[in-house]
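> Sequence and predicted structure below; questions after.
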Amino acid sequence: MTDPWHENPAFWESLEGVLFPPETVAAAGEELDALCSLAGIEPPGRVLDVPCGVGRHAVELADRGFDVTGVDATAAYLDTARQRADDAGVDVEFEEADMREFRRPEAFDAVVNAYTSFGYFEDRADDRRTARNLHDSLRPGGRLVMSLTSKEVVAREFQERTWSERDGTYLLEEHAVRDDWSRMENRWVVVDDGETREFAVSHRLYSARELSELLRDIGFGTVDVYGDYEGAPFDEDADHLVVVAER
């Protein structure tokens, strides 16, 4: 048996330039302006960024005066994140760990889970376990901010095939909805410097209601839903699903 796609370092390393192009990294500051305002997060609070990827949010948060811990399961991304922190002259604690396992009871004032980084796992119980870890890592009154592409947005914008190119690396994608709209199954083909790699990528789809109910069920008191970081309503024009949940 092979490891699932999200545990395969080759997947993440092959797609680093596609997932985190310069403009995406540069947008972190503007995103955090809106995110911090929406969630009422202010320095010098303690913030957990999980999964932190290449550190684009973690480093920006540290530069603003937050005490930041970044957690990710991909060693190569953490190497990039540490270098980014060094270049910015900020101190960030980076830890290599699976978000199904990382839990630091009542250690943080806020947790950031962004960029559709929830719903990777085949077993729905692993999603619940991850959400519980996020909840338990917050102090009472702390806030979780999640941002993901929701079931509603996927239904509105669904395309069977898409492709993109970044600095000579091509990503070709085939998409299919499965299990009564509970999962998206994808075939990703990466073509880079004459080499072709193929990955099967699956992801659980959550509606705003389903995610809100999950968070309330594991213990969050208040769960507010928005259509973007600016706090727009979550309606037919929503860009993505943003949830602010308070422990």
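Okay, I see it. Residues are numbered from 1 along each chain as shown.
> And the pLDDT for Met1?
pLDDT recorded at Met1 is 47.
> tell me which residues in stretch 165-177 are buried?
Going by neighbour count (16 or more other Cβ atoms under 10 Å), the buried part of stretch 165-177 is Thr169, Leu171, Leu172, Glu173, His175, Val177. (Each C-beta comes from the backbone N, C-alpha and C, glycine too.)
> Among those, which ones are in strands?
In strands, defined here by DSSP state E, the members of the buried residues of stretch 165-177 are Thr169, Leu171, Leu172, Glu173, His175, Val177.
> May I ask you to confirm that the fourth one is in contact with Arg187?
Yes - counting by Cβ atoms under 8 Å, a contact exists between Glu173 and Arg187, whose distance comes to 7.0 Å.
> quick revisit: tell me the one of the ones in strands among the buried residues of stretch 165-177 nearest Ala73?
Closest approach to Ala73 among these (Cβ to Cβ): Leu171, at 21.2 Å.
> Domain-wise, how is this protein divided?
Annotated domains of the chain cover 5-149+206-246, 154-201 [automatic domain parsing].
> Can you tell me which of these has the worst average pLDDT?
Among the domains of the chain, domain 154-201 scores lowest, with a mean of 92.
> Regarding Arg129, which helix or strand does it belong to?
helix 124-136 (DSSP states H and E).
> Ranking the domains of the chain by mean neighbour count, which comes first?
Highest mean neighbour count of the domains of the chain: domain 5-149+206-246, a mean of 18 (counted as mean count of other Cβ atoms under 10 Å).
> Please report the distance of the residue lying farthest from the centre of the chain from Met146.
The centre of the chain is farthest from one residue, Gly194, which by Cα atoms, centre = their mean lies 30.1 Å away. Distance of Gly194 to Met146, computed by Cβ to Cβ, to the nearest Å: 39 Å.
> for Val112, same thing?
Note on Val112: its distance to Met146, by Cβ to Cβ, is 8 Å.
> backbone phi and psi for the closest residue to Phe118 other than its chain neighbours, please?
In this structure, Phe118 finds its nearest non-sequential neighbour in Leu148, 5.7 Å apart by Cβ to Cβ, 6 or more residues apart in numbering. Torsion angles at Leu148 (phi, psi; degrees, to the nearest 10) stand at phi -150, psi 160.
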